[in-house]
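In: Model the following, please.
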Amino acid sequence: MKRIFFLLLVCVIGGCLYAATTVRVGVLLPLKESSARGTTFVEFYRGLLMAVEQVKSEGTNVELYAMDCGTSESSMQQVLANEQLATMDLIFGPADAVQVTSLSEYCRQHRIRMVLPFNTPCPQVYTNPWIYQVGVAQELLYPGVSTLVLKDLENSNFVFYHTGEQDARAQAFVNHLNQVLQLSERQTTNLAAGADEFAYDRAFNQFRQNVVIADSRSLPALTQMLAGIKAFQTQYPQYKIVLLGYPEWLTYVQTMIHDFYQFDTRVFSPYYRNPLSGRVVKFEQQYQQNFNTPSRLSYPRAEMLGYDLGYYFMHGLVTLGSDVFDVAQRSLQQQPLQHTFQFQRLGDQGGYVNLNVQLVHYTTNNTIQIVR
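Out: This next block holds a predicted model:
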């Protein structure tokens, strides 16, 4: 595993202990691309290799076919001319939108599960039942987030903090959550950046927990909001204040961790890597040993996505069988390194999208809990 072979390379990994099933997996990504994006694809592939090793140790044969598919429609067509692809149980890819149509039609024709690991636009997921889309538009997660918020933070006063910044995605979330809260008759108020202590006093409720949600995901907006909250709480410590934040906040942890703990912060996110987890530490040590390079600081970690996704599908197909996987896959249990998957089908004729979301809770006891 210390060298990676690409274009039209077949990596057959066996050693089955119990003469179980063979799973045939294709990887169609621009693995030879020299860019930061290309590095991400290589890291994903390395994590997938480690998942193959784990599945192999559990008694399953895996045939892994890794092919560099470039970034164009023509380069994808050249790869699809390889007759071996038609025998795959599963294909990971593509990464580029221009290649989605041809590969999705190929997978439909040959009844192969096509898994899109990255945020690749794929309108075909609404009409092709063989597609699994992992990275979805954040807006699709909002109903799941609001359900978790209502459950975890019930009987709270929700305060929408208006930063003055233009952040369409954050404002879309604020509008969605505000509508849900209004329909459920929850208490909501508003607070503007630069407001005086009287405005804070009117917005906050002394007898309820106050959940503050900013209409911007940026670090400057978060810093500005915290400055005002801290100044108010210094004068009025009896108010209980909690923060609710965005996936982008996970990238601010190194500088904001103490503030997150202080304000009992919840961050909604489709993924989370716990740096204190023994499994995470062990995986990262094994990754460095296998590939002579440490795990790169990124959000999310591509190699962990490769491992979690690869194990989920390979283990699931072996455990459930290809005939029932589409029906029962949502009941699969796993202990992920970073990603938990909750695929939901889009109608009777569509494919599946991953709608898993969770709250990463930084408690006032300086611990981190996951709320699902």
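In: from here on, contacts and neighbour counts on C-alpha atoms
Out: Fine.
In: contact partners of stretch 269-277?
Out: For stretch 269-277, contacts defined as Cα atoms under 8 Å, 6 or more residues apart in numbering pick out 246-247, 280-281, 300, 337-340, 355-360.
In: switch the cut-off to 10 Å
Out: Outside stretch 269-277, the residues within contact range by Cα atoms under 10 Å, 6 or more residues apart in numbering are 134-136, 138, 141, 145, 245-250, 280-281, 283-284, 299-301, 304-305, 336-342, 354-360, 368-370.
In: From those, list just the buried residues.
Out: 134-136, 141, 145, 245-247, 249-250, 280, 283-284, 300-301, 304-305, 336-342, 354-360, 368 (16 or more other Cα atoms under 10 Å).
In: Distance from the chain centre to the helix ranked longest in the chain, please.
Out: Scanning the chain for the longest helix, with DSSP state H as the assignment, gives helix 36-57. Taking Cα atoms, centre = their mean, to the nearest Å, one finds the center of helix 36-57 at 16 Å from the center of the full chain.
In: Can you tell me the SS state at residue 365?
Out: Reducing the assignment at residue 365 to three states with DSSP: H, G, I helix; E, B strand; the rest coil gives coil.
In: Leaving out the residues flanking it, which one is nearest to it?
Out: For residue 365, the nearest residue in space outside its immediate sequence neighbours is residue 261; the separation is 7.3 Å by Cα to Cα, 6 or more residues apart in numbering.
In: wait, what's in contact with the residue nearest to residue 203 when sequence neighbours are not counted?
Out: Nearest residue to residue 203, sequence neighbours excluded (Cα to Cα, 6+ apart): residue 189, at 5.5 Å. By Cα under 10 Å, 6+ apart, residue 189 lies in contact with 157-161, 178, 202-205, 210, 212.
In: ok, now residue 96?
Out: Contact partners of residue 96, counting by Cα under 10 Å, 6+ apart, are 29-30, 69-73, 116, 118-122.
In: Kindly reformat these as TSV and extend each row with pLDDT and secondary structure.
Out: Putting those into TSV (pLDDT from 0 to 100; DSSP: H, G, I helix; E, B strand; the rest coil) gives the following:
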residue	pLDDT	secondary structure
29	98	strand
30	97	coil
69	97	coil
70	96	coil
71	96	coil
72	97	coil
73	97	helix
116	98	strand
118	95	coil
119	92	coil
120	94	coil
121	93	coil
122	96	coil
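In: quick one: the helix or strand containing residue 102 to chain centroid distance?
Out: Applying DSSP states H and E as the criterion places residue 102 in helix 100-110. Relative to its parent chain, helix 100-110 has a centroid offset of 24 Å by Cα atoms, centre = their mean.
In: again with stretch 157-168
Out: Here the centre of mass of C-alpha atoms in stretch 157-168, compared against the chain's by Cα atoms, centre = their mean, lies 24 Å away.
In: what do you get for stretch 77-87?
Out: Relative to its parent chain, stretch 77-87 has a centroid offset of 30 Å by Cα atoms, centre = their mean.
In: Please work out the average pLDDT along that stretch.
Out: In this model, stretch 77-87 has a mean pLDDT of 96.
In: Give the buried residues for it.
Out: 79-80, 85-86.
In: repeat for stretch 233-242
Out: 239-242.
In: same thing with stretch 271-288?
Out: Within stretch 271-288, the residues that count as buried by 16+ other Cα under 10 Å are 271-274, 280, 283-284, 287.
In: Which single one of those is nearest to residue 311?
Out: residue 283 (13.6 Å; Cα to Cα).
In: Just confirm that closest one contacts residue 336, I think it does.
Out: No - contact between residue 283 and residue 336 fails when scored by Cα atoms under 10 Å: they sit 11.2 Å apart.
In: Kindly point out which residues are neighbours of both of the two.
Out: With Cα under 10 Å, 6+ apart, residue 283 and residue 336 have common neighbours 304, 307.
In: before we move on, the earlier item: single out whichever of the buried residues of stretch 271-288 has the smallest pLDDT.
Out: Summarising pLDDT for the buried residues of stretch 271-288: the lowest-scoring member is residue 274, with 91.
In: Over to that residue. Which of the three states is it?
Out: With three-state DSSP as the basis, the three-state label of residue 274 is coil.
In: Next up, phi/psi of it, please.
Out: Note on residue 274: its backbone torsions stand at phi -90, psi 110 [degrees, to the nearest 10].
In: Give me the distance from the helix or strand residue 317 falls within to the chain's centre.
Out: Take DSSP H and E as the rule and residue 317 turns out to sit in helix 302-320. Between the mean C-alpha location of helix 302-320 and the chain-wide mean there is a distance of 14 Å, by Cα atoms, centre = their mean.
In: Out of the contacts of residue 96, who's the most crowded?
Out: residue 69 (29 neighbours; other Cα atoms under 10 Å).
In: Who are the contact partners of that one?
Out: 6-8, 27-33, 75-80, 93-96, 99.
In: Sitting in strands, which of those do you find?
Out: Those of the contacts of residue 69 mapping onto strands are 27-29, per DSSP state E.
In: Looking at the contacts of residue 189, state which has the most neighbours.
Out: Comparing the contacts of residue 189 on neighbour count, residue 158 comes out first with 29 neighbours (neighbours: other Cα under 10 Å).
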